[in-house]
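Undergrad: I would like to see how this sequence folds:
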Amino acid sequence: MKSGSVPDPPALTSALEPVRRARPPWQNADGPGCRDLAATVAGFGTFILVDCVMMYAPLQMKETPSLLPQMLTLLLLAFGLGGLLVWQIRGAWRPFGVGMMLGWLFMTLISAGFLTGLNP
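TA: Residues are numbered from 1 along each chain as shown. The predicted model follows:
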C-alpha cells in the first residue's frame with residue numbers, strides 16, 4: 001500500500017473480492033500446462049499417423065489416382081472433428097482438436113500439399 005493512501009473499507013473489500021478473482025475461462029492465470037501441451041501433441045501425432053496411413057497407397061501407385069476422397073476425409077477429420085472438439089466439446093479435448101488442425105497445416109506445408117491431397 002502506498003503511503004498516504006486511504007485503505008478500502010472492509011465491507012467494500014469483501015464485496016469486490018469475487019469480482020477480482022473471477023476470470024473468463026480462456027484467461028488461465030497459470031497459462032497452458034503440461035496436460036494441455038500433451039493433448040495438443042497427441043492430436044498432432046494422431047493426425048500425422050492417420051494421414052500417413054491414408055496417403056501411403058495412393059502415392060505408391062504408378063498411375064496417378066484421384067486423391068479427392070483422401071483430401072475430403074483428411075479435411076473432415078482435421079477441421080470437422082478438430083473444430084467440433086475445439087468449439088463444441090471444449091474442456092480437456094480442446095487442445096487435442098487444435099493439435100489435429102495444426103497437424104493438417106504442418107503436413108500440408110511440409111509436403112507442399114502432396115500428403116494432404118491438395119497437390120496431386
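Undergrad: For stretch 71-84, give me every contacting residue.
TA: With CB atoms under 8 Å, 6 or more residues apart in numbering as the contact definition, stretch 71-84 has outside contacts at 43, 47, 50-51, 54, 96-101, 103-104, 116-118. Every C-beta, even on glycine, is put in place using the N, C-alpha and C of the backbone.
Undergrad: got it, and stretch 44-63?
TA: Taking contacts as CB under 8 Å, 6+ apart, the residues outside stretch 44-63 that touch it are 65, 67, 70, 73-74, 77-78, 82, 96, 99-100, 102-104, 106-107, 114-117.
Undergrad: Where is the longest helix in this structure?
TA: Identified as the longest helix of the chain according to DSSP state H is helix 34-60.
Undergrad: as a whole number, average confidence for that one?
TA: When pLDDT is averaged along helix 34-60, the result is 87.
Undergrad: And that helix, how far out from the chain middle?
TA: Relative to its chain's centre, helix 34-60 lies at 13 Å (CA atoms, centre = their mean, to the nearest Å).
Undergrad: Just the buried residues of stretch 70-85, please?
TA: By 16 or more other CB atoms under 10 Å, the buried positions in stretch 70-85 come out as 70-71, 74, 77-78, 81-82, 85.
Undergrad: ok, those vs residue 33, which is closest?
TA: Ranked by distance to residue 33 (CB to CB), those are led by residue 85 at 18.0 Å.
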